[in-house]
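# heads up, no residue letters with this:
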């Protein structure tokens, strides 16, 4: 049996799955936690990766591995390979003003055309601008800018701080992939290359793409350098789908190392951003729309053409298979349900039972769930509000159902934004812990005008990274089956969306009721 491994280095934790390369069957898995916060030192990811490998039983029988990671995080390196400051994560919003500045300087239409997205605080380009504006002492030290999965892959290959890593600080060995690079705000899915003028505008320094170093894990490629010229920032070399990023250095974790029992080095896949890795793990193809219900909600789809939306609602990312991954994000998802469950004094299962006691439309009660503001639509200062309450309609079942309908209608707004970009949609895949709730499944079939399927619970980001590992090992993308837990009967109820749209329009107009 040939085994491959996939890593999901997310905001909260690091997960590792070891799978059968032939059929994708799970053999074993492990995990370790990351610190809380919106900025984290990357060494915490490195610690968690080592612990997760151990928790998964080690890698001695694994032939290939790839790393999926949280997108947009900014890792700044100096010439000696040291991390200059803690990485700013996607959820660090200090760069919101920098996002507005970049849009003003470039123009929304031009920025969207060049990169497929419009800057918001989560994207890397806004974070490098924030550092330029607020931490000039850091700017002077920066020799390379990488993303979380880029840095972990680089370290696994044996590169890193001088005196600590086996191969030392060869910044030219940094690599990335198109899915993660497309979330920076200075890489173009349309051209397949960095927009170095945008990077310089944001950071005030010239940049160039790394050579990638030696992808066989040996010495640097001829002509590469471990020291970029003064004033030139290295950006990771962007590899293609199915490529290899090299091999894991057997001593990357010190003398105990990590490698095969026979002494051979483990092959490294190119890696991916988390949403693109999840799409690979789900086997998503053109016509599939994925709705992920987590702390935030995401709606994304595989498409054959790049998207750009000057309104910023749709981010036109690249995917990890060679196609494109338009995506929308809502800030309010599973926490909407936990919040209302708390108000009602019930647990998640009881919330589901209450919701299913109410009729579709919740007796006219609508929750516009902007508890944390909202990104789709872009209403950062909005708050949540109930609408349509009367003496008769204010019941516990209606309140419970309105919470689920409101959360799903918010996600449906993201789906509508994708369709407005010309997306062809044939099937909706519903993933995330909250979607195991029977009420969420049934109501989704009433809100989304598409057949809904619920894949079995799994670590789909890590599974997608394992797909990359198997792809790099075999030279072709594996077609592993994905188990389905449910396929709720389509039962589209137009008035749910209609009632929600009216209430949401009031909020958008600055009203809280009529």
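Everything's here; your move. Every value quoted in this text rests on a predicted model; they were computed, and no experiment measured them.

# tell me the secondary structure for residue 338?
helix (DSSP: H, G, I helix; E, B strand; the rest coil).

# can I assume it is in contact with residue 348?
Yes - assessed by C-beta atoms under 8 Å, residue 338 is found in contact with residue 348 at 7.3 Å. In this view, the C-beta of every residue, glycine as well, is placed from N, C-alpha and C.

# quick check: residue 280 vs residue 357, distance?
Distance of residue 280 to residue 357, given as C-beta to C-beta, to the nearest Å: 39 Å.

# neighbour count for those two, which is higher?
A side-by-side neighbour count of residue 280 and residue 357, using other C-beta atoms under 10 Å, places residue 280 first with 30 against 13.

# the residue nearest to that one when sequence neighbours are not counted: helix or strand, and which one exactly?
Excluding its sequence neighbours, the residue lying closest to residue 280 (C-beta to C-beta, 6 or more residues apart in numbering) is residue 464, at 3.4 Å. For residue 464, the element it lies in under DSSP states H and E is helix 460-474.

# same question for that helix, mean pLDDT?
Mean pLDDT, computed over helix 460-474, is 98.

# for that helix, list every residue counted as buried.
Going by neighbour count (16 or more other C-beta atoms under 10 Å), the buried part of helix 460-474 is 460-474.

# ok, stretch 291-302 next?
Neighbour-count burial for stretch 291-302, counted by 16+ other C-beta under 10 Å, picks out 291, 292, 293, 294, 296, 297, 298, 299, 300, 301, 302.

# then stretch 88-95?
For stretch 88-95, by 16+ other C-beta under 10 Å, it's 88, 89, 90, 91, 92, 95.

# can I get these in a markdown table with secondary structure and pLDDT?
Formatted as a markdown table, the buried residues of stretch 88-95 follow (DSSP: H, G, I helix; E, B strand; the rest coil; pLDDT from 0 to 100):
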| residue | secondary structure | pLDDT |
| --- | --- | --- |
| 88 | strand | 97 |
| 89 | coil | 96 |
| 90 | coil | 91 |
| 91 | coil | 88 |
| 92 | coil | 90 |
| 95 | coil | 95 |
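
# and what about the residue lying closest to residue 116 once chain neighbours are set aside, helix, strand or coil?
Excluding the flanking residues, the one nearest residue 116 by C-beta to C-beta, 6+ apart is residue 316, at 2.9 Å. Three-state call for residue 316 (three-state DSSP): strand.

# show me the contacts for residue 316.
112, 115, 116, 117, 182, 189, 306, 307, 308, 309, 324, 326 (C-beta atoms under 8 Å, 6 or more residues apart in numbering).

# what's the closest of the residues you listed to residue 80?
Closest approach between these and residue 80, by C-beta to C-beta: residue 182, at 29.3 Å.

# near the closest one, how many other residues are there?
28.

# cool, residue 163 as well?
Other residues near residue 163 come to 9 when the count uses other C-beta under 10 Å.

# the one 4 residues further on now?
The number of residues packed near residue 167 is 22, by other C-beta under 10 Å.

# and it, how far from residue 142?
According to C-beta to C-beta, residue 167 and residue 142 sit 21 Å apart.

# remind me what the helix holding residue 464 packs against, helices and strands.
Under the contact criterion of 3 or more C-beta pairs under 8 Å, 6 or more residues apart in numbering; DSSP states H and E, helix 460-474 touches strand 3-9, strand 13-20, strand 62-69, strand 267-269, strand 272-273, helix 274-282.
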